[in-house]
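Visitor: Next comes the sequence, and after it the predicted model I'd like to discuss.
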Amino acid sequence: GDSVTQMEGPVTLSEEAFLTINCTYTATGYPSLFWYVQYPGEGLQLLLKATKADDKGSNKGFEATYRKETTSFHLEKGSVQVSDSAVYFCALSEGGSEKLVFGKGTKLTVNP
Amino acid sequence: GAGVSQSPRYKVAKRGQDVALRCDPISGHVSLFWYQQALGQGPEFLTYFQNEAQLDKSGLPSDRFFAERPEGSVSTLKIQRTQQEDSAVYLCASSSMLVGQYFGPGTRLTVT
């Protein structure tokens, strides 16, 4: 079945550091790809998405590019802030279904 | 309301008790999803409604789990004869065409 594998955490960075969280997927078809973020004490929020190969999703300084050849959707940010501390989830949905398949999540802590 | 709401936010049940978890989706959202999130894991799909029709219940772990959405709006997830392995956060999400899923804050269920 479909699956998502993302980088094990936790990840600890200093403010203004560069962030990469790796995500790879396995799918039988041609999925849409998502990054969700869960801030402490809050619900899951959609951060960005991409629906076809070479699409780049971006939001709040975060970016991820849909790479079909490497089945990847790595999350990047050039300069993280303390307020970016959260758990980040990579996810996919396949075909006509909106059902999401999530990775296990990566906890990011940014120190001042 | 502005977002998806869930109640109760926390529920403690003794093993063997029945519980009912409520989800109020965003007004006008056709699709509604339930996910189960174990500690330290990503959410896992349980079931999906389009309006009042339950189109996919492949993720329900046993016949003790039952979900309904009788009028195509509010949904209830019921767990009968709760077991310790049912302890998790239960997330509800709603969506409308192509806008992505909006998640509620979740209900944390602890079975003692």
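Guide: Cool, the structure landed.

Visitor: so what's residue A:91 bridging to?
Guide: residue A:34, residue A:102 (DSSP bridges).

Visitor: Name the residue of chain A with the shortest distance to chain B.
Guide: residue A:102 (3.3 Å; C-beta to the nearest C-beta). From N, CA and C alone the C-beta is placed, and that goes for glycine too.

Visitor: If you count neighbours, what's buried in stretch A:46-58?
Guide: For stretch A:46-58, burial by neighbour count (16 or more other C-beta atoms under 10 Å in any protein chain shown) applies to A:46-50, A:57.

Visitor: Format the CA atom coordinates belonging to it as PDB.
Guide: Provided in PDB are the C-alpha atoms of stretch A:46-58 (Å, rounded to 0.1, in the frame of the first residue of the first chain):
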ATOM      1  CA  LEU A  46      -1.800  22.500   6.000                       C
ATOM      2  CA  LEU A  47       1.600  24.100   5.300                       C
ATOM      3  CA  LEU A  48       1.900  23.500   1.600                       C
ATOM      4  CA  LYS A  49       1.100  21.100  -1.100                       C
ATOM      5  CA  ALA A  50       2.000  20.000  -4.700                       C
ATOM      6  CA  THR A  51      -0.200  18.000  -7.000                       C
ATOM      7  CA  LYS A  52       2.100  17.100  -9.900                       C
ATOM      8  CA  ALA A  53       5.700  16.400 -10.700                       C
ATOM      9  CA  ASP A  54       8.000  19.400 -10.500                       C
ATOM     10  CA  ASP A  55       5.400  21.500  -8.800                       C
ATOM     11  CA  LYS A  56       6.800  23.600  -5.900                       C
ATOM     12  CA  GLY A  57       4.600  24.200  -2.900                       C
ATOM     13  CA  SER A  58       5.500  27.200  -0.700                       C
END
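
Visitor: Please enumerate the strands of chain B.
Guide: In chain B, the strands defined using DSSP state E lie at B:5-7, B:10-13, B:19-24, B:31-37, B:44-50, B:53-56, B:65-68, B:75-79, B:88-95, B:102-103, B:107-111.

Visitor: Leaving out chain neighbours, which residue sits closest to residue B:71?
Guide: Take residue B:71 and drop its neighbours on the chain: the residue closest to it by C-beta to C-beta, 6 or more residues apart in numbering or on different chains is residue B:52, 6.4 Å away.

Visitor: What's the local residue count around that neighbour?
Guide: Using other C-beta atoms under 10 Å in any protein chain shown, residue B:52 has 13 other residues around it.

Visitor: Against residue B:73, how distant is it?
Guide: 9 Å (C-beta to C-beta, to the nearest Å).

Visitor: need the residues of chain B near chain A, please.
Guide: Residues of chain B lying close to chain A (C-beta under 8 Å from any C-beta of the partner chain) are B:3-4, B:31, B:33, B:35, B:40-45, B:48, B:56, B:91, B:93, B:95, B:100-106.

Visitor: what residue lies at the spatial centre of chain B?
Guide: By C-alpha atoms, centre = their mean, chain B has its centre lying nearest to residue B:34, at 3.7 Å.
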